[in-house]
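Student: 3D, please:
(one chain, ligands or ions: 1)
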Amino acid sequence: MTETGNEKHGERAIACWKSPSNIALIKYWGKRGNQLPRNASLSITLSNAYTVTRVEAAPLAQAGTGPEVEFRFEGEPNPAFAARIEKYLKQLTAYFDFLPDVKLLIETGNSFPHSAGIASSASGMSALALCLCSIEAQLKGQQEDDTFFRKASLISRLGSGSACRSVFGGITVWGSHPAIAGSSDEYAVQLDFELHPVFRGLMDAILIVHPGEKGVSSSKGHQLMEGHPYAEARFAHAAKNLSELAGVLKSGDWDTFAGIVENEALSLHAMMLTSSPWFMLMHPNSLMIINEIEKFRKQTGTKVCFTLDAGPNIHLLYPADEAERVASLKETLRPHCHNGVIIEDFMGNGPEKLSCR
Ligand code: DP6
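Tutor: This is a model prediction of the structure:
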C-alpha cells in the first residue's frame with residue numbers, strides 16, 4: 001500500500017449508491033464538444049424509477065495498467081453495457097488518478113424492468129459516477145460535500161448528458177442560463193429559489209405506451225441537430241421557455257406551466273420529425289392519450305399536463321392534491337397503455353448513499 005498525505009492508493013474501497021431517473025421539462029436535444037449542451041435544460045428528479053450500483057475497487061497486481069472492469073447487470077454479465085462502461089471509464093482516468101491502478105467490480109440493477117421503456121442512462125450513469133466519486137473520497141480522505149456532488153454531476157454528464165441532472169433532488173438545471181444563478185454547461189445545479197407550493201412533490205404517472213428500445217438512440221438523435229434547418233431557432237426557443245418557466249415555478253401559474261411543458265415536448269418531437277433522416281417516435285396511442293388529456297382538462301379544469309422523452313411514452317404531470325381527479329383520467333388512458341401499465345412516480349430528493357458490504 002502506498003500512502004501520501006491522506007491518499008491510500010493500493011487499498012480496497014467499496015461504494016454503493018441509489019440514484020433516480022429524471023424527466024426533462026425543458027429538453028436537452030443537441031450537443032457540442034465533449035458532452036456539452038447546445039441549450040440549458042431543466043428536469044424533475046424522480047423517486048421510484050432508480051438504479052442501485054455497487055462498485056468495488058481492488059488494487060491491480062501491476063499498477064498503471066487499469067482500469068480492469070468486471071460488470072454485472074441484475075446479477076448477469078452484460079457485454080453491451082460493459083462495452084459502453086469500459087469506453088466511459090477510459091476517458092475518466094483524466095479525472096480519477098486511482099483508476100489506472102485498480103480492477104473495478106461494478107454491479108448494478110434498476111427498480112423498473114428494462115422493457116418498461118424508461119431511459120435508464122440517467123439513473124445508471126449518475127449512480128456509477130457517484131460510486132466512483134465516493135471511492136475517490138475514501139482513498140483520499142475527502143468529504144462528500146458540495147464539491148463532491150458537483151464533480152459527481154460533471155462525471156455523470158460525461159456518461160450521459162441527462163444523467164448530470166439526477167445527482168440532485170427536486171428541480172435541477174443543466175446548462176448556462178441567465179435566469180439560473182450558478183448554472184453551468186459542465187454540471188447541473190439545483191434551483192436557487194423556493195418552488196411555489198403547487199409544484200412541490202409534483203406527481204408523474206408514466207404511461208407505458210410501447211415498451212423496449214427507442215427508434216433512435218439519444219446520441220444519434222443529438223447528432224441530427226447538427227445542420228438541422230431549425231436548430232438555432234430551437235436552441236433560442238428552449239432558452240426563452242426556460243426563462244418563462246423559472247418565473248412560473250415561483251408564481252405558481254399552472255396553465256402557463258402546462259403550456260410551456262407541452263410546447264417543449266412537442267418541439268422535441270417536431271425536431272425529430274423534421275430532421276434528415278426523420279424519426280416518428282410517437283405511437284398512435286401517444287396521440288390518443290394526448291387528445292384525451294386535452295379533452296379532460298377542458299371539461300374538468302384539472303391541473304394536469306403531459307411531457308414525452310424521445311419515445312412514445314407519456315408522462316402525466318399533476319400536483320399531489322389533484323391525485324383523485326387524475327385517477328379517473330388514468331382509467332380512461334389505461335386501455336391505450338401497453339398491458340395497461342402505468343408507473344407511478346413523483347418528484348424526489350435525489351440520490352441516496354447506501355451502506356454496502
Ligand atoms: C430527450 O442524456 O440520453 O431525454 O448525452 O447522448 O446520453 P446522451 O443523451 P441523453 O439525452 C436525453 C434527451 C431527452 C431530453 C432530456 O432528458 O433533456
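
Student: Next, G215: secondary structure please.
Tutor: What DSSP: H, G, I helix; E, B strand; the rest coil gives for G215 is coil.

Student: now swap in A57 and tell me
Tutor: Applying three-state DSSP: A57 is strand.

Student: How about the contacts made by it?
Tutor: 12-14, 98, 102-104, 135, 139 (C-beta atoms under 8 Å, 6 or more residues apart in numbering). Where you see a C-beta, it was placed from the backbone N, CA and C, and this is true even at glycine.

Student: and of these, the nearest to the ligand?
Tutor: L104 (20.7 Å; C-beta to the nearest ligand atom).

Student: wait, is the closest one part of a helix?
Tutor: No: secondary structure of L104 (three-state DSSP): strand, not part of a helix.

Student: Next, see if stretch 21-28 gets close to the ligand.
Tutor: Yes: residues of stretch 21-28 are located near the ligand by C-beta under 6 Å from any ligand atom, namely 24, 27-28.

Student: Show me just the buried residues among those residues.
Tutor: The neighbour count (16 or more other C-beta atoms under 10 Å) marks 24, 27-28 as buried among the residues of stretch 21-28 next to the ligand.

Student: how about these in JSON lines, adding secondary structure and pLDDT?
Tutor: Converted to JSON lines, these look like this (DSSP: H, G, I helix; E, B strand; the rest coil; pLDDT from 0 to 100):
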{"residue": "A24", "secondary structure": "strand", "pLDDT": "98"}
{"residue": "K27", "secondary structure": "coil", "pLDDT": "98"}
{"residue": "Y28", "secondary structure": "coil", "pLDDT": "98"}
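
Student: who's in contact with whichever residue of the stretch 201-350 of the chain sits closest to the ligand?
Tutor: Residue of the stretch 201-350 of the chain nearest the ligand, by C-beta to the nearest ligand atom: S218 (3.3 Å). Residues in contact with S218 (C-beta under 8 Å, 6+ apart) are 119, 121, 160-162, 310.

Student: Who wins on neighbours among these?
Tutor: Within these, S162 tops the neighbour count with 27 neighbours, counted by other C-beta atoms under 10 Å.

Student: can you pull the contacts of the closest residue to that one other than its chain neighbours?
Tutor: Closest residue to S162 apart from its sequence neighbours, by C-beta to C-beta, 6 or more residues apart in numbering: A122 at 4.6 Å. Neighbour list for A122: 21-22, 160, 162-163, 165-166 [criterion: C-beta under 8 Å, 6+ apart].

Student: And A122, what's its pLDDT?
Tutor: Looking at A122, its pLDDT stands at 95.

Student: now the helix or strand containing it, how far from the centre of its chain.
Tutor: A122 is part of helix 121-140, with elements assigned from DSSP states H and E. Its chain's C-alpha centre and that of helix 121-140 lie 15 Å apart, by C-alpha atoms, centre = their mean, to the nearest Å.

Student: For S41, which non-adjacent residue is spatially closest?
Tutor: Closest to S41 by C-beta to C-beta, 6+ apart is Y28, at 3.8 Å.
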